[in-house]
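Visitor: Everything below, folded, please.
(chains A and B)
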Amino acid sequence: MTTVWISDDAAALACGANAVAAAFAKAGCTVERVSSWGMHWLEPLAEIEGQGFGPLTSEDVAAVLAGTSDKAIGPIAEHPFIARQQRFTFARAGKTRPLSLEDYAATGGWAGLKRARELGPDATIAEVTQSGLRGRGGAGFPAGIKWTTVAKAAGPVKYIVCNADEGDSATFADRMVMEGDPFMLIEGMAIAGHAVGAGKGYIYVRSEYPHAIAKLQAAIALAVPYIAPFEVEVRVGAGAYVCGEETSLLNSLEGKRGEVRAKPPLPALEGLFGKPTVVNNVLTLAAVPWILANGGAAYADVGFGRSRGTMPIQLAGNIKHGGLYEVGFGITLGELVNDIGGGTATGRPVRAVQVGGPLGAYHPPADYALHFDYECFAEAEGLIGHAGLTVFDDTADMSAQARFAMSFCAAESCGKCTPCRIGSTRGVELIDRIRARSGRAADKVETLPQMHNARKAPRTLTEDVNLLEDLCETMKFGSLCALGGFTPYPVLSALKHWPEDFGMAVPDQEAAE
Amino acid sequence: MTDQDELDAILAGHTGREGALLPILHDVQAAFGHVSEDAIRRIAHALNLTRAEVHGVVSFYHDFREAPESRPVLKLCRAESCQARGVEAMVAALPDNPRVAVETVYCLGLCSVGPAAMIGHEVHGRLDAARLGALVESLA
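Guide: Predicted coordinates for the structure are as follows:
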């Protein structure tokens, strides 16, 4: 009997994988539901004896089984999209059944935790420090230093908190780990707990990921004997983007409004319920079992500059070959968009690539030489964030995207600090005026006789643009967290690279240089 | 079982749990479709919080409703990746259907196969105007 492997990742389900699986089962095949390879443009992708077929509909099933399907893509593992990757975190992607302990153990599962227990806490942290692993949530803070701080903090009760509130558009790597390889995340958390002396871990998952929540809960129940005495519990968010910020996540876990806390105190010293807490992203914790099993040095061998190891990069938006691409840091933006992503899905020229989610800058094709590395992107007034790329074709209106960034911030602001709460709303109004080229006349209050110092002349477009830049400056340096602090990145980058969309003259290239 | 018994059962199920408020609110929202004034009062009493504190939490999070939504709900992602794939034009072309609530969410994590929507726990990707229209119609 033919065995067919089909993913049950949400991206595959959204493309109709269940119907295809049912059609194979009806045709007498044994269907195994596995994790996704990450080639999402080929989903639903079926694998039969290593050969891939996709994207399939139930009508294609007969042709696939007869060997006459024109959707054959050859051996999946040798597909250029897969063969060029360096998969550490996603080594099992497409190859194992997510909730099979047998598959997990057969592919090196639990080896990291076993080695950590042999090494002891201090040497475990030393291994993570040596790997150069930096926080994959966006801030890029060295995981080893964070763990050391928590390990040295006093007190019998400590926590491991996994930040799985993956709210950035263009990011889905956390979801793929949770749905495709949940035991790896649980193992990573158990290693962290062992290293810093924490007995309890929470995974804070956003409510928009029901499939991930179900898989994690099932996996945790199965993993209990492997990770004991460490305990893991899933907590579900409630639709607040800002809860992806670590301190607001902690407040949310405590049952409070998801408002940001001022730092210090650092969560590493006073985190969940005031106890020392490691807050790490899913990808950070998921990288740990590999590091322990293969050694920190092997992980640090890959990478670029101060960014060591691999990054699961997510290719999304208007891109031909969207999906998950894990590779060592240092690959260029142009390679990702053109060579790997295949350009836009619509076939039109690329206008902008937003890197790092809604708080990341928009990059023009002129930035294609940028290396994927925390420092390189910071120098280019951008950020890699959670490594999501959204590609836009030449129909994109960049002032509309800048407006969206401000309106998103206004909708999702927790309201704790003024620059973010009020600044974002003023930003939307300002960009609306700029887009309408309306300028601004003095309002009722400004025309009162008492307001003799208030300006009466209408504001010009240039003055509105200057005001927008000024507002962004205030938000960037005056906000408590990255939501208000980074919203200026998409706004200012759109303004800088596409001034024509704001009604401004394009600066003369030669004069600028 | 009356509503009151059901709420008591939910509260009893979370006794002694660390940071129990969000899990309780999720259960209440799932059981009753919203978190009523009465539920807020009783949750506050059970957790030794003020009603203002519980109300503050309920109103902070998008998932908790203060009034029930009787219509079927389609959650449509309108974040950047789905915008890049044309979701805004689809929304503009979507005929108004008073019997279905089309709600905006920011990101379902299906950014490589957008525009995407979710109905209950069922996900739909690669939508175009026609498929979105058909999904909305199927709910009406």
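Visitor: Got the domain ranges for chain B?
Guide: Taking automatic domain parsing as the reference, chain B has its domains at B:3-60, B:73-139.
Visitor: Ok, which of those domains comes nearest residue A:355?
Guide: Ranking those by proximity to residue A:355 (CB to CB) places domain B:73-139 first, at 11.1 Å. For every residue, glycine as well, the C-beta is placed using N, CA and C.
Visitor: taking the mean pLDDT, what do you get for the closest one?
Guide: Confidence for domain B:73-139, expressed as mean pLDDT, is 96.
Visitor: Can you give me the first-to-last residue distance of it?
Guide: The straight-line separation of the ends of domain B:73-139 (CA to CA, to the nearest Å) is 8 Å.
Visitor: next one: it to chain centre, how far?
Guide: For domain B:73-139, the separation from the chain centroid amounts to 15 Å (computed by CA atoms, centre = their mean, to the nearest Å).
Visitor: Could you see whether chain A lies near it?
Guide: Yes - applying CB under 8 Å from any CB of the partner chain, one finds domain B:73-139 touching chain A at B:75, B:79-85, B:105-114, B:116, B:118, B:121, B:123-126.
Visitor: and the stretch 351-500 of chain A, which residues reach chain B?
Guide: Proximity of the stretch 351-500 of chain A to chain B, by CB under 8 Å from any CB, involves residues A:354, A:357-358, A:388, A:390-393, A:396, A:401, A:404, A:408, A:411-412, A:414.
Visitor: Just the ones of those residues in strands?
Guide: Under the assignment DSSP state E, these contribute A:354, A:388, A:390-393 to strands.
Visitor: elements contacting the helix or strand in which residue B:54 is found?
Guide: Taking DSSP states H and E as the definition, residue B:54 sits inside helix B:51-60. Packing contacts for helix B:51-60, counted by 3 or more CB pairs under 8 Å, 6 or more residues apart in numbering or on different chains; DSSP states H and E, involve helix B:21-32, helix B:37-47.
Visitor: So for chain A, which of these sits nearest?
Guide: Nearest to chain A among the helices and strands packed on helix B:51-60 is helix B:21-32; the distance by CB to the nearest CB comes to 3.1 Å.
Visitor: what's the farthest-apart pair in the ones in strands among the residues of the stretch 351-500 of chain A next to chain B?
Guide: Within those, A:388 and A:393 form the most distant pair, 17.5 Å apart (CB to CB).
Visitor: So which of these two has more stuff around it?
Guide: residue A:388 (31 against 21; other CB atoms under 10 Å in any protein chain shown).
Visitor: mind checking pLDDT for the more buried one?
Guide: Residue A:388 carries a pLDDT value of 97.
Visitor: quick one: contacts for it?
Guide: A:168-172, A:313-314, A:316, A:355-357, A:360, B:81, B:111 (CB atoms under 8 Å, 6 or more residues apart in numbering or on different chains).
Visitor: can you list these in TSV and add secondary structure and neighbour count?
Guide: Output for these, formatted as TSV (DSSP: H, G, I helix; E, B strand; the rest coil; neighbours: other CB atoms under 10 Å in any protein chain shown):
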residue	secondary structure	neighbour count
A:168	coil	31
A:169	coil	28
A:170	coil	35
A:171	coil	28
A:172	coil	34
A:313	strand	26
A:314	strand	32
A:316	strand	32
A:355	strand	28
A:356	coil	25
A:357	helix	32
A:360	coil	30
B:81	helix	38
B:111	coil	35
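Visitor: Cheers, nothing more for now.
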